[in-house]
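Next one to model:
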Amino acid sequence: MPIPSDAYNIQRKQFHSSHILAKIDNFSKKHGLEYVLGITDVDLFVPHLNFVFGEAEYSGRAAVISLFRLKPEFYSQKHDRKLFVKRSVKEAVHEVGHMLRLGHCDNPTCIMFFSNSVSDTDKKGDFLCEKCRSLVAS
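Okay, here's the model as predicted:
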């Protein structure tokens, strides 16, 4: 689906993720979908943060991630498909976790840890910590 034109902020040269999230949410409601994860290749932001890797409705049906800052090339590193896929999966699972009512975790190895930088994404593990796993199970 096209990115809504009102999502682009010309001063920041980025797209407001909440505008994209609203469009995904409307799409999911229109088509009777329980959960939808949108994936884009544009740079995302929310007010008060320089950028975000993604955003989700807490306990909702919509989430979005951006691949833009997950590519090693963004950081002037050589192309590394394996690293790019690993980062992308981590951020996708993180946002799906929010849809499943999980907040940010204070455990830096948990996939629900907030990534303030790509190095945070690289450091966190591939799975939920025991505490977050128990919250999903309940």
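
Can you show me the helices along this structure?
Here the chain has its helices, by DSSP state H, at 17-30, 81-99, 118-123, 130-137.

Tell me the confidence at the spatially most central residue of the chain?
Taking Cα atoms, centre = their mean, the centroid of the chain lies closest to residue 54, which sits 2.5 Å from it. The model reports residue 54 with a pLDDT of 97.

Contacts only, for the nearest residue to it once chain neighbours are set aside.
Take residue 54 and drop its neighbours on the chain: the residue closest to it by Cβ to Cβ, 6 or more residues apart in numbering is residue 65, 3.6 Å away. C-beta: built from backbone N, CA, C; applies to glycine. Contacts of residue 65 were listed using Cβ atoms under 8 Å, 6 or more residues apart in numbering, and they are 37, 38, 39, 40, 53, 54, 88, 91, 92, 95.

Quick one: buried ones out of the residues you listed?
Buried by 16 or more other Cβ atoms under 10 Å: 37, 38, 40, 53, 54, 88, 91, 92, 95, out of these.

returning to that earlier point: would you confirm that the residue nearest to the centre of the chain contacts residue 63?
Yes - if you go by Cβ atoms under 8 Å, residue 54 and residue 63 touch, sitting 6.5 Å apart.

Give me the common contacts of the two.
Common contacts of residue 54 and residue 63 (Cβ under 8 Å, 6+ apart): 92, 95.

circling back to that earlier point, Throw the helices of the chain into TSV and include mean pLDDT and distance to residue 47, thanks.
Formatted as TSV, those follow (pLDDT from 0 to 100; distance: least, Cβ to Cβ, whole Å):
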stretch	mean pLDDT	distance to residue 47
helix 17-30	96	9
helix 81-99	97	18
helix 118-123	97	20
helix 130-137	91	27
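
To residue 109, which of these lies closest?
Closest approach to residue 109 among the helices of the chain (Cβ to Cβ): helix 118-123, 7.4 Å.
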